[in-house]
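K.L.:
I'd like to go over a predicted model; first the sequence, then the structure.
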Amino acid sequence: MEESGAVAGRDPRGSFLVMNQLPRLILSRDHHFLGTTLKELARSAKTGALHRVRQGAYVDGAAWAALKPWEQYRVRISAAAETSSARTIFARHSAASVWGIPTIGLHHPVQALTLQNDGGRSRAGITRHYADPAGLKVYRCEGLLVTDRVRTVLDLAAFTPFVEAIAPLDHVLKADRKRGLPAITKETLLERADAIYTAAAIRRIQAAVDFADSLSGSAGESYSRALMHVAGFEAPVLQREFRDEEGLVGYSDFYWRGVRVAGEFDGIDKYLKPEFLKGRTAAQAVVEEKLREDRIRATGAGVVRWVWAELTAPGVFERKLAAGGVPRRRPRGAL
């Protein structure tokens, strides 16, 4: 087994990884240094002053409540590492969280590897999956041991539903500039898959890798595209440029040429995060987005727009696309 990146917080290629500003863990074993007792910690958790992440690990209650669900999950991973008595190599959704690879869904278990071929098991709140130690690449990232990025996204492609596997794959097909990590090619992914997985898992990986696209702009766009495919809609063009007499209007997330319909995933980030706002207020961003849509419509294209809630409500997204005129794929026998 190869372990790379001996310095915590570094990628094996030497680039520093981004450490999220998450609340500090308060560990029961350190209660003497903290000037408190185990009973006082438990009492603080009951009142809400502290939040018990897992046995032996707490965080500030208000800080926990302010975290997004995926940030809470990341804290749970750190707490598992701090309270585990054995060397722990995080995998699947947990490794993706540490690497900053987006995944779909909430309430995932903390996941790690076992190198003993006993079918995998859960212990101390950690779900463990067997991995053959031969050729296993383990990196130290943000102080935690994790499977390398290739193995992480391949595991997700092999063992999660197709619609959930696309966002992680789309993400790694382009460089992660925030963390200084290079893009991973489809060829690299498929080469590694051949050496690790069963024939059935390789077929699932092949389908997901073939479908993955580096042009996807966000996890929401990736999930949308996967849902479109499963629902039988025609594949859209990604990031289609729109221009009018004033010049560049922008790029639509999706576009169906035959029916001249643009599709837009309306993620909340564009109205909240500074990197998207670029000095504007949220209200200004909303107004500018509406004006942009009006300009796209003025070119003769229709626009269908949706949000996360419509992706997660059964049938809602499919009905919205159909009502917007998005065409279905022709059956193979009709081609």
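P.N.:
That came through fine. None of the values given here were measured: they were computed from a predicted structure. Numbers count the residues shown, from 1 in each chain.
K.L.:
neighbours around residue 106, how many?
P.N.:
Other residues lying near residue 106 total 11 when counted by other Cβ atoms under 10 Å. Using the backbone N, CA and C atoms, a C-beta is placed for each residue, glycine as well.
K.L.:
hang on, I meant residue 248
P.N.:
Residue 248 has 10 neighbouring residues, counting by other Cβ under 10 Å.
K.L.:
quick check, it in a strand?
P.N.:
Yes - Residue 248 forms part of a strand when assessed by DSSP: H, G, I helix; E, B strand; the rest coil.
K.L.:
what are the bridge partners for the residue lying closest to it once chain neighbours are set aside, then?
P.N.:
Spatial nearest neighbour of residue 248, excluding adjacent residues (Cβ to Cβ, 6 or more residues apart in numbering): residue 241 at 7.2 Å. Per DSSP bridges, residues listed as beta-bridge partners of residue 241: residue 251.
K.L.:
hey, which helix or strand in this structure has the poorest pLDDT?
P.N.:
When the helices and strands of the chain are scored by mean pLDDT, DSSP states H and E, strand 2-4 comes last with a mean of 44.
K.L.:
how far away from the center of its chain is whatever helix or strand comes next after that one?
P.N.:
Downstream of strand 2-4, the first helix or strand assigned by DSSP states H and E is strand 26-27. Its chain's C-alpha centre lies 28 Å from the corresponding centre of strand 26-27 when counted by Cα atoms, centre = their mean, to the nearest Å.
K.L.:
so what touches strand 26-27?
P.N.:
34, 41, 50, 56-60, 82-83 (Cβ atoms under 8 Å, 6 or more residues apart in numbering).
K.L.:
give me the sheet partners of that strand and which way each runs.
P.N.:
Sheet pairing here is set by DSSP bridges, and for strand 26-27 it gives strand 57-60 (antiparallel).
K.L.:
buried ones in the partner strand, by neighbour count?
P.N.:
For strand 57-60, burial by neighbour count (16 or more other Cβ atoms under 10 Å) applies to 57-59.
K.L.:
output the residues you listed in a markdown table; the columns should cover pLDDT and distance to residue 234.
P.N.:
Putting these into a markdown table (pLDDT from 0 to 100; distance: Cβ to Cβ, whole Å) gives the following:
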| residue | pLDDT | distance to residue 234 |
| --- | --- | --- |
| 57 | 97 | 49 |
| 58 | 98 | 51 |
| 59 | 98 | 47 |
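K.L.:
show the pLDDT at the closest residue to residue 258 other than its chain neighbours.
P.N.:
Distances taken as Cβ to Cβ, 6+ apart put residue 327 closest to residue 258, at 6.2 Å, once the chain neighbours are dropped. For residue 327, the pLDDT comes out at 97.
K.L.:
ok, residue 327 - contacts?
P.N.:
Contacts of residue 327 (Cβ under 8 Å, 6+ apart): 233-234, 256, 258-259.
K.L.:
please redo it, this time with the cut-off set to 7 Å
P.N.:
Contact partners of residue 327, counting by Cβ atoms under 7 Å, 6 or more residues apart in numbering, are 234, 256, 258-259.
K.L.:
need the buried ones from those residues selected in ChimeraX.
P.N.:
Entered in ChimeraX, the line below selects the buried ones among the contacts of residue 327, by 16+ other Cβ under 10 Å:
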select :234,256
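K.L.:
which one of the contacts of residue 327 is nearest residue 129?
P.N.:
Nearest to residue 129, judged by Cβ to Cβ, of the contacts of residue 327 is residue 234 at 36.7 Å.
K.L.:
doesn't residue 322 make contact with the closest one?
P.N.:
No - counting by Cβ atoms under 7 Å, residue 234 does not reach residue 322; the two are 11.7 Å apart.
K.L.:
so where's the stretch 201-335 of the chain shaky on pLDDT?
P.N.:
268-280, 282, 285-286, 331-335 (pLDDT under 70).
K.L.:
now the helices for it?
P.N.:
For the stretch 201-335 of the chain, the helices defined by DSSP state H, counting those that start in this stretch occupy 219-230, 269-272, 274-277, 282-298, 308-312, 316-323.
K.L.:
go through the ones you listed and name the closest to residue 198.
P.N.:
Residue 198 lies closest, by Cβ to Cβ, to one member of the helices of the stretch 201-335 of the chain: helix 219-230, at 22.7 Å.
K.L.:
how close does residue 136 sit to residue 146?
P.N.:
11 Å (Cβ to Cβ, to the nearest Å).
K.L.:
thanks again, I'm all set now.
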